[in-house]
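Visitor: Fold the following.
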Amino acid sequence: MGFNNLILLIGTNPLPNFVVADYYLHNPRLTHIWLVHSEKTKVQDGTLVYAENLKKAIEKRIDESCLKHKQISISFVSLSNVSDAKQISLDINNLLINKLCEGSSVHLNYTGGTKVMGTHSYLALKNTSKSLEKSYSYLDARTFKIIDDDNGYITTDLRDSVKISFEDLIQLHAFERQNRNFVSYFPNVLGKFKKRINSNCMSEFFNTNGGYKRKLFENINKKGELAEKVYQTDVQEIKKYSPNQVFQKVLDSFPDKCNPINDISEITDSNFKKAVKFLDGLWFEEFIYLVLIENLKEPNIEILIDWEIKKSNWKTNFQLDIILVKGYQLIGISCTTSRSKAICKSKGFEIIQRTKQIGGDEARAILFTLLEDANKTELQNELIEDTGGAMSNILVFGFDDINESYIIDKINNFVK
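Guide: Alright, predicted model coming up:
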């Protein structure tokens, strides 16, 4: 499809605009991209920052590709009141349509922005008296394909051809990473966990008779919180604890003076904190990450672990345990070893909210838990109902699902 001018409507999720722009950059006739955003006023939030980030992302994509020779101008169009139909029409005519030459070819992709923006930008272009060649499309969040108003589907699944890194994705949304790259402190211990899981021995690890006992490592002065220093625990209680065979094999795989039970008198506070955090659940997050990177090796898939991100004006960060990006689609993954359905549900709400915040309507969420099967199914149904989501957008794993081959089969089906 050939046209000179591409119009994109910018809301608070600029990802669909990036995908559409990336696809149409290969249109040989394209010379101008118009980014229509809301102006910041007392009655509306502005989206100029997202338009500016999108401009940078498009220019970066041009520089990185074989399109450097193309001369594509990018202009901003500010809408002064996105709730007022007449004002939208006036702004679109004055700031965009009046700047187009007679006979220009114009394509409006109305995926982004509000419904009011989309409707009245569409009508302003359609009803103009200026002689223009006009066409329209939107990006379907369910099929990941662009649908042209006149010609129907004009692309295949764009996740196969449009790729964005997670770092570029968060920059597009004005987020910044707050922590450093993740380092696994106990890869040998993780290997033992992986072996135990694949041998169906995890029930023994959590067995109340000699398995991992969280209370051993809780701060004696702060009920429910893990200790960060050895003296904050009941050392004598730890010394007399007798691990079962499975738990002991995991403990024996720790490096010297890092075993939080056998080396309790010699372990440093730093190693104690790392070991306890690992045993309490970090192993689960690392295990899932390891399973994914070993089995999902398609070139359009990126897998990351442990990212804390925030916006500059936010007071707090939020963490994504594991990130999977397929092409441009974000799949956020949260892991918890809690057996409390209420805690798992809270984790589920958070990962659904955060992934949609970054990845928009195309995003999906996965929650790994150690819930029994009945509670897992009940929780997934509740999350779908309470968030207004769909079965295809939310996936919950339970204790009986923690098996390498089963995990990969389920995730492959979930993101296909």
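Visitor: now the helices for the stretch 151-300 of the chain?
Guide: 166-172, 187-198, 202-205, 235-239, 245-252, 269-277, 283-295 (DSSP state H, counting those that start in this stretch).
Visitor: so can I have a markdown table of those showing mean pLDDT and mean neighbour count?
Guide: Every C-beta, even on glycine, is put in place using the N, C-alpha and C of the backbone. What follows is the helices of the stretch 151-300 of the chain, written out as a markdown table (pLDDT from 0 to 100; neighbours: other C-beta atoms under 10 Å):
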| stretch | mean pLDDT | mean neighbour count |
| --- | --- | --- |
| helix 166-172 | 96 | 19 |
| helix 187-198 | 92 | 17 |
| helix 202-205 | 92 | 18 |
| helix 235-239 | 95 | 12 |
| helix 245-252 | 94 | 18 |
| helix 269-277 | 96 | 18 |
| helix 283-295 | 96 | 20 |
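Visitor: For residue 106, find the nearest of these.
Guide: helix 166-172 (24.6 Å; C-beta to C-beta).
Visitor: Can you name every helix or strand that that closest one contacts?
Guide: Secondary-structure packing of helix 166-172 (3 or more C-beta pairs under 8 Å, 6 or more residues apart in numbering; DSSP states H and E): helix 15-24, helix 48-64, strand 175-177, strand 301-311, strand 318-326, helix 341-359.
Visitor: okay, the ones you listed, which one's buried deepest?
Guide: helix 15-24 (a mean of 23; mean count of other C-beta atoms under 10 Å).
Visitor: after that helix comes which helix or strand?
Guide: strand 32-38 (DSSP states H and E).
Visitor: which other helices and strands contact that following strand?
Guide: Strand 32-38 sits against strand 5-9, helix 48-64, strand 73-79, helix 115-126, with contacts defined as 3+ C-beta pairs under 8 Å, 6+ apart.
Visitor: ok, back up a step: do you know which of the helices and strands packed on helix 166-172 lies nearest residue 200?
Guide: helix 341-359 (22.0 Å).
Visitor: now that closest one and strand 318-326, what's the angle there?
Guide: Angle, helix 341-359 to strand 318-326, by axes from the mean of the first three to the mean of the last three C-alpha atoms, to 10 degrees: 60 degrees.
Visitor: Now helix 341-359: average pLDDT?
Guide: For helix 341-359, mean pLDDT is 94.
Visitor: so what secondary structure elements neighbour it?
Guide: Here helix 341-359 touches helix 166-172, strand 318-326, strand 329-335, strand 364-368, helix 373-387, strand 394-397, going by 3+ C-beta pairs under 8 Å, 6+ apart.
Visitor: Neighbouring strands of the second one in the sheet, and parallel or not?
Guide: Looking at strand 318-326 with DSSP bridges, its partner strands are strand 301-311 (antiparallel), strand 329-335 (antiparallel).
Visitor: swap in the last one?
Guide: Each strand pairing with strand 394-397, determined using DSSP bridges, is listed with its direction: strand 364-368 (parallel).
Visitor: neighbouring contacts of the partner strand?
Guide: With contacts defined as C-beta atoms under 8 Å, 6 or more residues apart in numbering, strand 364-368 is touched by 284, 288, 329-336, 344, 347-348, 351-352, 355-356, 379, 383, 392-397, 402, 411, 414-415.
Visitor: Of all the helices and strands packed on helix 166-172, which one is nearest residue 127?
Guide: helix 15-24 (23.2 Å).
Visitor: Flag the shaky bits of the stretch 101-250 of the chain, pLDDT-wise.
Guide: Flagging of the stretch 101-250 of the chain using pLDDT under 70 yields an empty set of residue ranges.
Visitor: could you redo the last one with a cut-off of 90?
Guide: Applying pLDDT under 90 to the stretch 101-250 of the chain flags the ranges 198-201, 208, 223-224.
Visitor: what do you get for the stretch 301-416 of the chain?
Guide: In the stretch 301-416 of the chain (pLDDT under 90), the answer is 311-318, 357, 360-362, 385-393, 415-416.
Visitor: Is residue 396 bridged to anything, and to what?
Guide: On the basis of DSSP bridges, residue 396 is bridged to residue 367.
Visitor: Now do the contacts for residue 291.
Guide: Here residue 291 is in contact with 404, 407, 408 (criterion: C-beta under 8 Å, 6+ apart).
Visitor: now with 10 Å?
Guide: By C-beta atoms under 10 Å, 6 or more residues apart in numbering, the residues touching residue 291 are 194, 197, 198, 402, 403, 404, 405, 407, 408, 411.
Visitor: Please apply the same query to residue 359.
Guide: 13, 15, 166, 169, 173, 323, 325, 328-332, 365.
Visitor: closest to residue 37 among those?
Guide: residue 13 (12.5 Å).
Visitor: burial of the nearest residue to that closest one once chain neighbours are set aside, as a residue count?
Guide: Excluding its sequence neighbours, the residue lying closest to residue 13 (C-beta to C-beta, 6 or more residues apart in numbering) is residue 360, at 4.0 Å. If you count neighbours by other C-beta atoms under 10 Å, residue 360 ends up with 23.
Visitor: Would you mind saying which of the helices and strands packed on helix 166-172 lies nearest residue 295?
Guide: Of all the helices and strands packed on helix 166-172, strand 301-311 comes closest under C-beta to C-beta, at 10.0 Å.
Visitor: dump the residue contacts of the residue lying closest to residue 167 once chain neighbours are set aside.
Guide: Closest residue to residue 167 apart from its sequence neighbours, by C-beta to C-beta, 6+ apart: residue 177 at 7.3 Å. Contacts for residue 177 (C-beta under 10 Å, 6+ apart) come out as 166, 167, 170, 171, 307, 308, 309, 310, 317.
Visitor: Reformat the residues you listed as CSV; add distance to residue 225.
Guide: Converted to CSV, the contacts of residue 177 look like this (distance: C-beta to C-beta, whole Å):
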residue, distance to residue 225
166, 31
167, 33
170, 30
171, 35
307, 24
308, 20
309, 25
310, 24
317, 19
